[in-house]
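Participant: Give me coordinates for this.
(2 chains)
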Amino acid sequence: DAKTTQPTSMDCAEGRAANLPCNHSTISGNEYVYWYRQIHSQGPQYIIHGLKNNETNEMASLIITEDRKSSTLILPHATLRDTAVYYCIVRSSTSGTYKYIFGTGTRLKVLA
Amino acid sequence: DAGITQSPRYKITETGRQVTLMCHQTWSHSYMFWYRQDLGHGLRLIYYSAAADITDKGEVPDGYVVSRSKTENFPLTLESATRSQTSVYFCASSGQGGNTIYFGEGSWLTVV
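Facilitator: Residues are numbered from 1 along each chain as shown, chains lettered A, B, ... in the order given. Got it, this is the predicted structure:
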């Protein structure tokens, strides 16, 4: 299973872009990168996912490097409600079945 | 839109007792997952299931038993609870092909 490495914590000023990096150097060609976030002790919430190309939705943008060994989640205008733990996950496949292994995540604190 | 529900939400049990955590989803998702999250840590995969009657071990399966006789239910049983199994347990599901996973609200289990 591909492992992910993220910084333990980050701070971001309210209204500024939050850029959360993730290293997944052992990723295989057909493995997707997913991002989730967890606010307090709620169930994790889906943000975005991608394979090769950059992706954007109403919540965030995902930038994946050309070699796919790392990615960056961008929250374009962070708000206080974006304070959460952000998890970068590589969806792995074994014999046609999928599983999602979470790492330790990055604790993002948005400052007023 | 019931989604995915877990029960009980909160449980205190004694060491050595058998405990079953229930998970029910209304989307007919083929995949279901159980994670545990210890205080201040990330999520760890216990067991997962790609379809009814198909289950696989995750990262930390020891001490747990699962079954999947119906697509919509995925109970997790602690056969003889230990204090180290005190944790928050999250159930999740996703559709065929391993798409976005959706989490329940969590079950808080304390073993005394």
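Participant: List the residues that contact B:Ser94.
Facilitator: B:Ser94 makes contacts with A:Tyr98, B:His29, B:Ser30, B:Tyr31, B:Phe33, B:Thr100, B:Ile101, B:Tyr102, as judged by Cβ atoms under 8 Å, 6 or more residues apart in numbering or on different chains. The way it works is simple: take the backbone N, C-alpha and C, and place the C-beta from them, glycine included.
Participant: cool, and A:Arg91?
Facilitator: A:Glu31, A:Tyr32, A:Val33, A:Tyr34, A:His49, A:Tyr98, A:Lys99, A:Tyr100, B:Gly98.
Participant: The second one and A:Cys88, how far apart?
Facilitator: This points to A:Tyr32. 11 Å (Cβ to Cβ, to the nearest Å).
Participant: quick one on the thing from earlier: among the contacts of A:Arg91, which lie within strands?
Facilitator: Among those, the members found in strands (DSSP state E) are A:Tyr32, A:Val33, A:Tyr34, A:His49, A:Tyr98, A:Lys99, A:Tyr100.
Participant: Which ones among the residues you listed also lie next to chain B?
Facilitator: The subset of the ones in strands among the contacts of A:Arg91 within reach of chain B, by Cβ under 8 Å from any Cβ of the partner chain, is A:Tyr34, A:His49, A:Tyr98, A:Lys99, A:Tyr100.
Participant: what's the neighbour count on the fourth one?
Facilitator: Think A:Lys99. 22 (other Cβ atoms under 10 Å in any protein chain shown).
Participant: Surely it is in contact with B:Thr55?
Facilitator: No - applying Cβ atoms under 8 Å, one finds A:Lys99 not in contact with B:Thr55, separated by 11.6 Å.
Participant: Mutual contacts of those two, please.
Facilitator: Joint contacts of A:Lys99 and B:Thr55 (Cβ under 8 Å, 6+ apart) are B:Tyr48.
Participant: Relative to A:Pro7, which of the contacts of A:Arg91 is nearest.
Facilitator: Using Cβ to Cβ, A:Val33 comes nearest to A:Pro7 of the contacts of A:Arg91, at 16.4 Å.
Participant: list the contacts for the residue lying closest to the closest one once chain neighbours are set aside?
Facilitator: Spatial nearest neighbour of A:Val33, excluding adjacent residues (Cβ to Cβ, 6 or more residues apart in numbering or on different chains): A:Ser71 at 5.2 Å. Residues in contact with A:Ser71 (Cβ under 8 Å, 6+ apart) are A:Pro21, A:Cys22, A:His24, A:Val33, A:Gly50, A:Leu62, A:Ile63, A:Ile64, A:Thr65, A:Cys88.
Participant: How far does stretch A:28-46 sit from its chain's centre?
Facilitator: 6 Å (Cα atoms, centre = their mean, to the nearest Å).
Participant: Could you do stretch A:39-59 as well?
Facilitator: 7 Å.
Participant: So what touches it?
Facilitator: A:30, A:32-38, A:60-64, A:68, A:71, A:73, A:75, A:81, A:83-84, A:86-87, A:91, A:102, B:37, B:43, B:88, B:90, B:92, B:100-106.
Participant: Chain A: strands as residue ranges?
Facilitator: Going by DSSP E, chain A shows strands at A:9-13, A:18-23, A:32-38, A:45-50, A:55-56, A:61-64, A:70-75, A:84-94, A:97-101, A:106-111.
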